[in-house]
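Asks: sequence and predicted structure below; questions after.
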Protein chains: 2
Amino acid sequence: MRKFNFSAGPAVLPLPVLEEVRDTLVDYRGNGLSLLECSHRSKMYEDVHNETISLFQELLGLPESHKVIFLGGGATLQFSMVPMNFLTPGKACDMVVSGAWAKKALSDAKKIGDVKVVFDGAETKYTTLPKSDTIYNPDAAYVHITSNETIGGLQWKTFPDTGDVPLIADMSSDIMSTPLPVEKFSMIYAGAQKNLGPSGVAVAVIHEKLLERCPKSLTAYLNYGIHSEKNSLYNTPPVFSIYIMMLVLRWVKAQGGVAKMSELSSQKAGAIYREIDSSGGFYSCPVEKESRSVMNVIFRLPSEELDKKFLKEAEALDMIGLKGYRDVGGCRASLYNAMPLEGALTLAGFMKDFAAANG
Amino acid sequence: MRKFNFSAGPAVLPLPVLEEVRDTLVDYRGNGLSLLECSHRSKMYEDVHNETISLFQELLGLPESHKVIFLGGGATLQFSMVPMNFLTPGKACDMVVSGAWAKKALSDAKKIGDVKVVFDGAETKYTTLPKSDTIYNPDAAYVHITSNETIGGLQWKTFPDTGDVPLIADMSSDIMSTPLPVEKFSMIYAGAQKNLGPSGVAVAVIHEKLLERCPKSLTAYLNYGIHSEKNSLYNTPPVFSIYIMMLVLRWVKAQGGVAKMSELSSQKAGAIYREIDSSGGFYSCPVEKESRSVMNVIFRLPSEELDKKFLKEAEALDMIGLKGYRDVGGCRASLYNAMPLEGALTLAGFMKDFAAANG
């Protein structure tokens, strides 16, 4: 019995992907060995590596200027690497502080160089995003945003035009879920474990012009330029995680690409938000309506006791991973690409029943 | 038909481990989801995480003072992190330059601080290791060595006594292959993809006293202190790679632990070196005898043409991954823990036949 896994990450993967991983696990396509044991310099792996990059480029519609790089250490390591590579001395970067993840990026950037906070959601307890009157500094080293706050449940719907200033986005929790105006971004990065694959690999998409900034004084692994020049084979990449990413991207393509993922996300999230909004206050979501995330829907019940009861009954009905982030409490339904529509509808149905029985 | 995979890394894994990974892939122990999809904050993963740490401690006989940390980015990221954390300003570190990997560690350390090279194998083209008369500086920040040079085929057999100066070793290619005098080391680190599991995770074992040095000015991911304090759960760890490491460590334990691994390594490497030494010069190994690695046996044939013929015929007999490192040429047989004795004996037999036919 397969459960509906609403975890925020590592998160649900498509069942056909898991089945293919299982079927190729011990002997990969008659090669007499597992891909888990396979040299990253072999033809067997090279094909996987390059197809993953190609699919990534194709599905996001990346121009040739945007290089795709695979790295370890998750998005968290990127919080170090972005300022180390791109926060040019003598300049400051603009940062949008939209929630818990943006704060982590901020904390690391401050240790590397000068930072200007151009928006801080603290006043609204991080339930709002910048409006169109937010002013970005025309001489900033770059502007950094977090496209989707996994913990706060906020998501950018349109992206700012930062002109000649490079726009850099942490898209860990909504990459590959919707068509993107990629030309607006000089860099996009994401840990894989939400929409792309298992944990253990992060992807960075970087404009070649931005790559020119990488300082030669950086140590090897921390220099994006080296990874780009070596096609992410400077050192041993996370071979197996990249293989699974390839299968996930093939699956996204077969489903109809990011446009179809976006359509499904709206349906899935719509069903949950509808229950929240029509519950007469039994369920509440603190996020301003226009910034509600379709990836992570957060909501609370009238009391912590009811939160707990809700989670317990959901789990008994094979819906797991609905507990809100440990520092936040409440509930959170993560609805990444691989969550079937049926999962979201089952949860919405349960929410209705639970409200009726406990409201 | 399973091939004998002599790759230097990612490398052969025990067949029973692969079979167990396959069998638990889609539904992990009746939990209704794959471990690939499993939250790193769940009980399901917590058990894996903690058992892996326990097995690591048990098999290496680590004292409580030595903390076990899991990281992404491979040993290559450690080349940055070690000097960033432990190369105290005002001090220099001592580095032993024994080959290609030590040189990479050196190159990064020099970018962070002052380095004294206490041994450089350049004169012998990196075929020798320091002798007992090598002098380490008593006021060094630490001494860094590479216990096994995967490319050069050298391996330390006894380790220096550096007194109060912390000894730090990159053991990527021979960790868990032999009993270690762990009390001599303040830090041991290793990429997993040779003796521990698949690529995508590195392990660092660090004495708690050394951890006190981690500067607060470091960004989060690059600070060992944060990972240690959070039991490697500060951010999402490479869940699945750690799971496979757990299975590999269970397998090592079931085989008889590191003492048994060491015994088998000697037998496997002995069989290959015997063929080299008894070939009347047909095969040659450049490494001084007392420093020959039992993990990576490197050898050449009388000509590049014969190297190629040898590799081609070996591959036709299902022995793969024997090509020497791209910058070095020749042949290399990597004989990590999971390489069965039968594999080494089959290779030795083929070497004898090939020498007879082509000598």
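Replies: Sure, I can see it. Numbers count the residues shown, from 1 in each chain, chains lettered A, B, ... in the order given.
Asks: check the offset of stretch A:347-359 from the chain's centre.
Replies: The chain centre lies 29 Å from the centre of stretch A:347-359; the measure is C-alpha atoms, centre = their mean, to the nearest Å.
Asks: give me the neighbour count for the nearest residue to A:A122 once chain neighbours are set aside.
Replies: In this structure, A:A122 finds its nearest non-sequential neighbour in A:V97, 7.4 Å apart by C-beta to C-beta, 6 or more residues apart in numbering or on different chains. For the C-beta atoms, the positions are set from N, CA and C on the backbone; glycine is no exception. Other residues within reach of A:V97 by the criterion other C-beta atoms under 10 Å in any protein chain shown amount to 22.
Asks: next one, pLDDT for A:V97 please.
Replies: According to the model's per-residue confidence, A:V97 sits at a pLDDT of 98.
Asks: try A:A356
Replies: As summarised for this prediction, A:A356 has a pLDDT of 98.
Asks: next: A:M187.
Replies: At A:M187, the model reports a pLDDT of 98.
Asks: go on, A:K131?
Replies: A:K131 carries a pLDDT value of 92.
Asks: hang on, it in a helix?
Replies: No - secondary structure of A:K131 (DSSP: H, G, I helix; E, B strand; the rest coil): coil, not part of a helix.
Asks: where's the spatially closest residue to A:Y283 that is not a sequence neighbour relative to A:L301, distance?
Replies: Counting by C-beta to C-beta, 6+ apart, A:Y283 lies nearest to A:I276, which is 4.2 Å off, once chain neighbours are set aside. As defined by C-beta to C-beta, to the nearest Å, A:I276 lies at a distance of 10 Å from A:L301.
Asks: give me the more crowded residue out of these two.
Replies: Counting neighbours by other C-beta under 10 Å for A:I276 and for A:L301 shows that A:L301 has the greater number, 23 against 20.
Asks: what's the closest non-adjacent residue to A:Q255?
Replies: The shortest distance from A:Q255 to any residue other than its chain neighbours is 6.9 Å, reached at A:M261 (C-beta to C-beta, 6+ apart).
Asks: residues touching that neighbour, list them.
Replies: A:176-178, A:252, A:255, A:337 (C-beta atoms under 8 Å, 6 or more residues apart in numbering or on different chains).
Asks: can you check A:V287 too?
Replies: Residues touching A:V287, when contacts are defined by C-beta under 8 Å, 6+ apart, comprise A:127-128, A:152-154, A:293, A:298.
Asks: so how far is A:L335 from it?
Replies: Counting by C-beta to C-beta, the gap between A:V287 and A:L335 amounts to 14 Å.
Asks: ok so, going back, for the residue nearest to A:A122, list each beta-bridge partner.
Replies: Each beta-bridge partner of A:V97 is listed here: A:D120, as defined by DSSP bridges.
Asks: isn't it right up against A:D120?
Replies: Yes - checked against C-beta atoms under 8 Å, the pair A:V97 and A:D120 is within contact range at 4.4 Å.
Asks: so where do the strands sit in the stretch 51-200 of chain A?
Replies: Shown for the stretch 51-200 of chain A, the strands assigned by DSSP state E, counting those that start in this stretch span residues A:66-71, A:92-97, A:114-120, A:143-146, A:148-149, A:154-155, A:167-170, A:187-191.
Asks: so which of these is the most packed in?
Replies: The highest mean neighbour count among those belongs to strand A:148-149 (a mean of 28), with neighbours defined as mean count of other C-beta atoms under 10 Å in any protein chain shown.
Asks: by contact count, what packs against that strand?
Replies: When contacts are defined as 3 or more C-beta pairs under 8 Å, 6 or more residues apart in numbering or on different chains; DSSP states H and E, strand A:148-149 packs onto helix A:100-112, strand A:154-155.
Asks: name the element A:E19 belongs to?
Replies: helix A:15-23 (DSSP states H and E).
Asks: what do you get for A:M44?
Replies: The secondary structure element spanning A:M44 is helix A:43-60 (assigned by DSSP H and E).
Asks: so A:Y283 is in contact with A:L306, correct?
Replies: No - proximity of A:Y283 to A:L306 does not meet the contact threshold set by C-beta under 8 Å, at 9.8 Å.
Asks: and A:S262, which of the three is it?
Replies: Classification of A:S262 using three-state DSSP returns helix.
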